[in-house]
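Novice: Coordinates only, no sequence provided:
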């Protein structure tokens with residue numbers, strides 16, 4: 001057992017994360033409004049709503065599957081152990097609410113507000129920075145976030161906000177529900 005696995009669980013209440021994501025969403029909406037004053041343009045799908053959402057769901061499923069395959073790698077195994085402790089005590093509803101709020105809010109901030117201004121790669125770096133944790137053993141979370149930020153940023157560029165948000169919600173939803181299930185076993 002590693003030293004971090006001996007530590008007591010550090011559950012983070014889902015309501016705290018949902019509140020944080022609400023603040024992020026308000027900042028994103030205000031920023032987009034000041035930039036464009038037309039929120040519909042920033043959040044519009046490209047190529048129709050249904051194809052945009054389907055592209056996002058497909059991307060999210062593919063990314064989740066790749067993460068699931070890579071989960072046994074050393075740094076990812078350590079990260080997953082830490083994340084399991086984070087969701088300890090969450091219900092499925094908590095996990096899904098966090099997935100929806102984080103997907104919608106973070107994509108509003110990173111893709112709808114920042115990516116059109118600073119570009120795909122810098123926006124992915126900002127997204128990775130949002131996933132930095134003050135524990136250097138968890139460096140892999142920022143690396144995974146950078147890679148997913150590049151993928152989801154590409155989805156945003158081609159399909160628009162609904163696709164990026166759908167991908168993010170699917171990745172987080174499946175990941176959080178899976179972590180919660182592992183934590184309970």
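Specialist: Noted; the coordinates are in hand. Everything numeric in this text was worked out from a predicted model, so none of it was measured.
Novice: rest of the way, CA atoms for contacts and neighbours
Specialist: Noted.
Novice: Touching, residue 110 and residue 127? I think so.
Specialist: Yes. Residue 110 lies in contact with residue 127 (C-alpha atoms under 8 Å); the separation is 6.6 Å.
Novice: so what's the spatially closest residue to residue 45 that is not a sequence neighbour up against?
Specialist: Distances taken as C-alpha to C-alpha, 6 or more residues apart in numbering put residue 160 closest to residue 45, at 4.5 Å, once the chain neighbours are dropped. By C-alpha atoms under 8 Å, 6 or more residues apart in numbering, residue 160 lies in contact with 43-46, 52.
Novice: Which pair of the residues you listed spans the longest distance?
Specialist: 43 and 52 (11.4 Å; C-alpha to C-alpha).
Novice: Now do the shared contacts for these two.
Specialist: 160, 162.
Novice: Tell me which of those two has more neighbours.
Specialist: residue 52 (25 against 19; other C-alpha atoms under 10 Å).
Novice: which one is that one nearest to, not counting chain neighbours?
Specialist: Residue 52 sits nearest to residue 163 (C-alpha to C-alpha, 6+ apart), 4.7 Å away.
Novice: Tell me how far the one you found lies from residue 88.
Specialist: Separation of residue 163 from residue 88 (C-alpha to C-alpha, to the nearest Å) stands at 30 Å.
Novice: what does residue 49 give?
Specialist: Residue 49 is 36 Å from residue 88, by C-alpha to C-alpha.
Novice: Neighbour count for these two, which is higher?
Specialist: Remark: of residue 49 and residue 88, residue 88 carries more neighbours, 20 against 16, as counted by other C-alpha under 10 Å.
Novice: For the more buried one, what are phi and psi?
Specialist: Main-chain torsions, residue 88, degrees, to the nearest 10: phi -60, psi 130.
Novice: Could you look up the SS state of the nearest residue to it once chain neighbours are set aside?
Specialist: Excluding its sequence neighbours, the residue lying closest to residue 88 (C-alpha to C-alpha, 6+ apart) is residue 11, at 5.4 Å. Of the three states, residue 11 takes coil under DSSP: H, G, I helix; E, B strand; the rest coil.
Novice: what's the burial count for residue 11?
Specialist: Residue 11: 15 neighbours (other C-alpha under 10 Å).
Novice: got a pLDDT number for residue 180?
Specialist: Listed pLDDT for residue 180 reads 83.
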